[in-house]
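Asks: Sharing a sequence plus its predicted fold:
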Amino acid sequence: MTTSMRSLPGRRPFLTAMMSILALTGLVAGALTAEPRAKDLFGAKKLPAVAAAQSFGFYSKGCFAGGVAIPMDGPTWEVMRPSRNRRWGHPAMIALVEKLSRDAHADGWPGLLIGDISQPRGGPMLTGHASHQIGLDADIWLTPMPSRPLSTRQREEMSATLMVDEKTHLVKDGLWKPMHTRLLKRAASYPEVERILVNPGIKKKLCDTVTGDRSWLRKIRPFWGHDYHFHMRIGCQPGSPNCKGQEATPADDGCGKPLAWWFTEEPWRPNKNPDAPKARDLMTMANLPRQCQTVLDAPAPASAEAATYHGGGVPIAVAAEPAEALPTAPAVPSDAAALPASASAFAPTPEIGIPLPRPRPGN
Ligand SMILES: [Zn+2]
């Protein structure tokens, strides 16, 4: 009795520690099992949220409503890896990709092979990108569209040309053509485009070869990967007060010191913890802007075709689900109506905004 009485105080810290560990383990297990991951919820959505186009949050932490798809084929583009269903974006982005395909074609680029844009409602993806979450990012291949139409299978399986040598981080000899430069210059020429991410080797190639107007090089930003495609990012669009923009790029051409860093050993050191989970693998709805739950719950259009952009000034008919299913909460004051009608898939319902978030307990 005395022994156990004496031993108890000594055990208490141990017990307390055990209890805390158990409680923590429970929390972690709860987070992993009970709380669904946002990437699974958004990855399961096959169709966009019917509402006025609006981006919520940041490029790597957000979602969007009112998404439209670029058609699988156009006169000057083809969508690659169609099974991923990532040909969705903010209407302004989809309209811009279509415009780039026409302008680039006029510049002598055969046509665009379009890579990932976003999932229908954005959000974190099951695989791949950290960004592309708010409908304002698009990947375009640096391989020109072949003269013969690609079959669905070819679009899934055709491999891209890697433009950059893995060891030297320089563009491989003979692969870079003036038409590649023209394509990037054209993409950078649009005021909506804030950044274009390319491999440092490609940035260096441009720095070393572009003559005349070099002001557009400011938007061309070196980044890991991006050796077979470039990544075009547009700014937050009108009507998206909850979209978080990125800080402006420096005013100079970016060819000096910041680029030189990429040709040191530092950026290429092996990842010390390659198996650590990525943010997108852990994010739950609680990590995203609260409006993303509304986006997730919003009704879908009748079909993908009903939300597919056909551009060229032709109004887009959206056969939405029954009207009473549409969100009817007061629209967030926005100038979404200022978007050109042809750029908004949901032009027939301009008054409907994404509803204000429902009050949630504890918020
Ligand atoms: Zn990208």
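Replies: All right, it came through fine. Residues are numbered from 1 along each chain as shown.
Asks: Find the closest residue to the ion in the chain.
Replies: Relative to the ion, the nearest point of the chain is His231 (3.5 Å; CB to the ion). C-beta: built from backbone N, CA, C; applies to glycine.
Asks: if I look at Ala49, how far off is Asp297?
Replies: Look at Ala49 and Asp297: by CB to CB, to the nearest Å, they are 8 Å apart.
Asks: nope, Ile140 is what I meant
Replies: Taking CB to CB, one finds Ile140 at 32 Å from Asp297.
Asks: Next: Ala92.
Replies: For Ala92 relative to Asp297 (CB to CB), the value is 24 Å.
Asks: One more: Ala187?
Replies: Noted for Ala187: a distance of 35 Å to Asp297, by CB to CB.
Asks: Same drill for these two, tell me which one is more crowded.
Replies: The neighbour comparison of Ala187 against Asp297 (other CB atoms under 10 Å) goes to Ala187, with 23 against 11.
Asks: Tell me who's in contact with the residue nearest to Gly111 when sequence neighbours are not counted.
Replies: Computed as CB to CB, 6 or more residues apart in numbering, the closest residue to Gly111 that is not its neighbour in sequence is Met145, at 3.2 Å. For Met145, the contact set (CB atoms under 8 Å, 6 or more residues apart in numbering) comprises Thr76, Trp77, Glu78, Pro110, Gly111, Leu112, Leu113.
Asks: so the second one bridges to which residues?
Replies: It stands for Trp77. Here Trp77 sits in beta bridges with Gly74, Leu112, going by DSSP bridges.
Asks: okay, it: pLDDT?
Replies: With respect to pLDDT, Trp77 scores 98.
Asks: That one: neighbouring residues, count only.
Replies: For Trp77, the neighbour count with other CB under 10 Å is 23.
Asks: Distance-wise, check it relative to Ile202.
Replies: The value you get for Trp77 to Ile202, if CB to CB is used, is 21 Å.
Asks: cool, and the third one?
Replies: When distance is defined by CB to CB, Glu78 is 22 Å away from Ile202.
Asks: which one of these two has more residues nearby?
Replies: Between Glu78 and Ile202, counted using other CB under 10 Å, the more crowded position is Ile202 (27 against 21).
Asks: give the contact list for that one.
Replies: Here Ile202 is in contact with Leu142, Met163, Val164, Val171, Trp176, Ile220, Pro222, His226, Asp227, Phe230 (CB under 8 Å, 6+ apart).
Asks: dump the residue contacts of the fifth one.
Replies: The one in question is Trp176. By CB under 8 Å, 6+ apart, Trp176 lies in contact with Met163, Ile202, Lys205.
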